[in-house]
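> Compute the structure for the input listed below.
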Amino acid sequence: MNAGRRRSADSVFAAYLPANWPVRFIDENIRAATTEDFEWAEAVLVSGMHIQRQQMNDICRRAHAFDLPVAIGGPSVSACPDYYPRSTIFMSVNSAMRQTI
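Next comes the predicted model:
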């Protein structure tokens with residue numbers, strides 16, 4: 001996915017949030033989320049392709065270590081929801097991103 005498409009997918013997530021909520025996007029292909037990022041967050045939203053499955057599961061594990069709720073979605077989750085933790089509060093099957101991109 002090129003950078004323009006990735007930003008479009010991120011924008012879909014952000015569009016569902018109230019406009020006054022602060023949002024922090026972290027692309028773990030560029031840098032990993034830090035302890036400070038998880039301490040700042042009230043929830044974690046994860047999206048990715050199937051090739052990123054291990055990384056997505058690792059993000060969920062780290063977020064849960066901070067007792068953060070996790071929403072997970074994207075093409076991999078839509079295709080293979082059983083590959084992801086049941087501890088997520090929402091699994092976006094046939095997500096808006098898949099319909100938008």
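
> any idea how far the nearest residue to Val46 once chain neighbours are set aside is from Arg53?
Counting by Cβ to Cβ, 6 or more residues apart in numbering, Val46 lies nearest to Ile72, which is 4.6 Å off, once chain neighbours are set aside. Every C-beta, even on glycine, is put in place using the N, C-alpha and C of the backbone. Distance, Ile72 to Arg53, by Cβ to Cβ, to the nearest Å: 11 Å.

> Mind listing the shared neighbours of those two?
Common neighbours of Ile72 and Arg53 (criterion: Cβ atoms under 8 Å, 6 or more residues apart in numbering): Tyr84.

> ok so, going back, output the contacting helices and strands for the host helix or strand of the residue nearest to Val46.
Following DSSP states H and E, one finds Ile72 within strand 70-73. Counting contacts by 3 or more Cβ pairs under 8 Å, 6 or more residues apart in numbering; DSSP states H and E, strand 70-73 packs against strand 44-47, helix 53-65, strand 90-92.

> Tell me which of those is the most buried.
strand 44-47 (a mean of 22; mean count of other Cβ atoms under 10 Å).

> how deep is Gly48 tucked in, by neighbour count?
23 (other Cβ atoms under 10 Å).

> Hmm, Cys80 and it touching each other?
No: with contacts counted by Cβ atoms under 8 Å, Gly48 stays clear of Cys80, the gap being 11.8 Å.

> in this structure, which helix or strand is least confident?
helix 96-100 (a mean of 43; mean pLDDT, DSSP states H and E).

> that's a helix at Pro18, yeah?
No: counting by DSSP: H, G, I helix; E, B strand; the rest coil, one finds Pro18 to be coil, located in no helix.
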